[in-house]
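Trainee: Below: sequence and its predicted model.
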Amino acid sequence: MFDHLTIKNVSEKILARIESDRPIEDDKARFTGLKIWLGESRSIQAIAQKIVRYKVFSEREKKTGRTIKLHNSEGIEDAQSFESAFGYKDDLAELNCAIKYLNQIKAEFPTASESKVLYERSVDILAEFLSKRGELELLNFGINLAHVDYILAKRCPQVNFVGIDRSKLTKAFNEINYPQRENVELIAGDIFELLGNRRFDGGAFFHMRTLTFLPKSFVDKLYATAKKARFKYLIGFEPLGISRQTKSAYEFSLNEQQSVAYRGHAFIHNYPELAQRAGYSFIESGLIKTDHAHEDYRIIYFIAQRNG
């Protein structure tokens, strides 16, 4: 049923490098600096490159190991807080991410990145979806940079866009860099407090590059709470690739199964089953290939509708 969401046609070279515990790509910035400093000796440069690769890979493996340990830990009470070790380490780190994304947009994406294709495709998919639904509210959980929301707010004036993020600095950054619109509301706060105090009858709960950094237990609770808040739709755009934990592509299904570490501090969750458990069914889904430097990098997107 969800075979179209399984990553295929990844080259044997990439799979071999993952399987042999080598990094997917060279850290070019570090190596370029070393190359200049070391001079033109190819033998010395080759040795230095191996050292850089090993160091980069070791750092990523440590992150993946911490991710697995975090996900398996008991008593995860508040994974959205900065103190939880999930996602960004503090308010400033989250702001720096928003600044990076905005700089990419202003520079017209000069380097390999998933953002350009992700923004374009998500806007097209969401605009088409929203054009057929009339007036409703769309809540973006973990909004970070409000780029997509403001484009959609202009194209879909009948929709009220609400963006919530835990970062007060990121909220202020968006308010400075994007013009005020009557159909855009930005909130810095706790998602469960918002959903507990406000109804979104017939609305759409949206997340993009957010749930990948949160544990399965949090996603489970979040979707269940979204249903109680009367959302009719769940919409997600989340990254995935060959898992650095299992060394294989994730196979989505309606059966309960473990989330796995993707790479670094990111997870891959079984979104069809998690949505089903909360009372939603997929009505549209697919994989998006971007310009990301990793050949195996994809974005899974889905729209799920509340049952009944």
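Mentor: Looks like it came in fine.

Trainee: Check which helices and strands the host helix or strand of N96 is in contact with.
Mentor: Secondary structure from DSSP states H and E places N96 in helix 91-106. Secondary-structure packing of helix 91-106 (3 or more Cβ pairs under 8 Å, 6 or more residues apart in numbering; DSSP states H and E): helix 115-131, helix 147-155, helix 168-177. For glycine as for every other residue, the C-beta is placed from the backbone atoms N, C-alpha and C.

Trainee: in it, what counts as buried?
Mentor: Judged by neighbour count using 16 or more other Cβ atoms under 10 Å, the buried positions of helix 91-106 are 91, 94-95, 97-98, 101-102, 104.

Trainee: ok, residues contacting that helix?
Mentor: 82, 87-88, 110-111, 113, 115-116, 119, 144-145, 147, 165-170, 173-174, 177 (Cβ atoms under 8 Å, 6 or more residues apart in numbering).

Trainee: how about a cut-off of 7 Å?
Mentor: Applying Cβ atoms under 7 Å, 6 or more residues apart in numbering, the external contacts of helix 91-106 come out as 82, 88, 113, 115, 144-145, 147, 167-170, 173, 177.

Trainee: And for stretch 277-286?
Mentor: If you take Cβ under 7 Å, 6+ apart as the criterion, stretch 277-286 is touched by 4-5, 220, 223-224, 227, 234, 272, 275, 301-307.

Trainee: Export whichever strand or helix holds G236 to CSV, keeping only CA atoms.
Mentor: In the assignment (DSSP H and E), G236 maps to strand 233-240. C-alpha atoms of strand 233-240 as CSV (Å, rounded to 0.1, in the frame of the first residue of the first chain):
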residue,chain,number,x,y,z
TYR,A,233,-6.5,17.0,8.3
LEU,A,234,-2.9,16.1,9.2
ILE,A,235,-0.3,17.4,6.7
GLY,A,236,3.3,16.5,6.9
PHE,A,237,6.6,17.2,5.0
GLU,A,238,9.4,15.4,6.7
PRO,A,239,12.9,14.2,5.6
LEU,A,240,14.1,10.6,5.4
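
Trainee: Give the burial count for H292, as a bare number.
Mentor: The number of residues packed near H292 is 19, by other Cβ atoms under 10 Å.

Trainee: right, and it touches E114 too?
Mentor: Yes - counting by Cβ atoms under 7 Å, H292 does reach E114; the two are 4.2 Å apart.

Trainee: list the residues that contact both of these two?
Mentor: In contact with both H292 and E114: no residue, using Cβ under 7 Å, 6+ apart.
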